[in-house]
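Visitor: Predicted model and sequence below, questions to follow.
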Amino acid sequence: YLDVISEAELVENSPVKGCMVIRPTGMAIWESLRDELDKKIKGSGAMNAYFPLFIPQSFLSKEAEHVDGFAKECAVVTHHRLRT
């Protein structure tokens, strides 16, 4: 998958480790997929929801047994408001 989307120039690597930049054509494909999925979700009577990007680490601790399989997908922010 990663090779295909890179070769098709839909994405490019970001200077941030583990992140990719979605290029305009890739974004257009994503928007089309999102719009179709949105119609199906709403057509089934369900509602969309958005979840926060950042959550307190204490929330992860409360759900430790569920989080275990996703541990490699989590990043922990250790600093904020860094001053130069």
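Guide: Great, that's in hand.

Visitor: ok, which stretches of this structure are helices?
Guide: Under the criterion DSSP state H, helices of the chain are mapped to 2-7, 24-43, 57-62, 64-67.

Visitor: Can you lay out those helices as JSON lines showing mean neighbour count and distance to residue 77?
Guide: Using the backbone N, CA and C atoms, a C-beta is placed for each residue, glycine as well. As requested, these are exported to JSON lines (neighbours: other C-beta atoms under 10 Å; distance: least, C-beta to C-beta, whole Å):
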{"stretch": "helix 2-7", "mean neighbour count": "10", "distance to residue 77": "25"}
{"stretch": "helix 24-43", "mean neighbour count": "11", "distance to residue 77": "26"}
{"stretch": "helix 57-62", "mean neighbour count": "10", "distance to residue 77": "9"}
{"stretch": "helix 64-67", "mean neighbour count": "10", "distance to residue 77": "16"}
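
Visitor: now the ones you listed as JSON lines including mean pLDDT?
Guide: Shown next, in JSON lines, are the helices of the chain (pLDDT from 0 to 100):
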{"stretch": "helix 2-7", "mean pLDDT": "93"}
{"stretch": "helix 24-43", "mean pLDDT": "95"}
{"stretch": "helix 57-62", "mean pLDDT": "76"}
{"stretch": "helix 64-67", "mean pLDDT": "70"}
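
Visitor: Residue 83: which of these is closest?
Guide: helix 57-62 (23.1 Å; C-beta to C-beta).

Visitor: Could you give the separation of the closest one from the chain centroid?
Guide: Relative to the mean C-alpha coordinate of its chain, helix 57-62 is positioned 19 Å out (C-alpha atoms, centre = their mean, to the nearest Å).

Visitor: Sounds good, over and out.
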